[in-house]
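1. I would like to see how this sequence folds:
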Amino acid sequence: MRNLLTREYLKYGGTDINATAMTTATGTYYSDAIRPHYSTGEVGLLVKTSAGSLAVTYEVSDDGLTFYEPYGTTGDKVNTIAGALTEDTWVSFNPVVCEYMRIKFVLTAANSTVSAIYHQQEKA
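-> Numbers count the residues shown, from 1 in each chain. Next up is the predicted model:
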């Protein structure tokens, strides 16, 4: 078996999350749905930002339309990717098993952000 590395630029409203997608205001932004079902488990998220503070979490879905925050067996949320990013960051995380997921960005100041997600896929 060999592993293939897949890169996908996150999209917001069908457009790559880039310097024009999240520069106008503070607030919450969601990427379009991502299908991580081929992933071997660990995911890398590259976030290039000039934010004053940027929190990143993820949500999961079974249909790509309705999303939920995942909880662990103790009742705690298990969706935090990064708490308060203020500079370019590569974050490695293990999302829960799901058919779809989306990345949630919470901005506390207008900024410029580019983001890409990477995951490995086993190939026979």
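
2. tell me where the model's unsure across the protein.
-> Applying pLDDT under 70 to the chain flags residues 1-9, 11-25, 37-40, 51, 110-114, 119-124.

3. need the strands for it, in chain order.
-> 2-9, 11-12, 15-16, 27-30, 39-49, 54-61, 80-85, 89-93, 100-107, 113-123 (DSSP state E).

4. run a quick neighbour tally on residue 74.
-> 6 (other CB atoms under 10 Å). Where you see a C-beta, it was placed from the backbone N, CA and C, and this is true even at glycine.

5. distance-wise, check it relative to residue 107.
-> In this view, residue 74 and residue 107 are 30 Å apart by CB to CB, to the nearest Å.

6. nearest residue to residue 99 in space, please, no chain neighbours.
-> Closest residue in space to residue 99, ignoring its immediate chain neighbours: residue 62 at 5.2 Å, by CB to CB, 6 or more residues apart in numbering.
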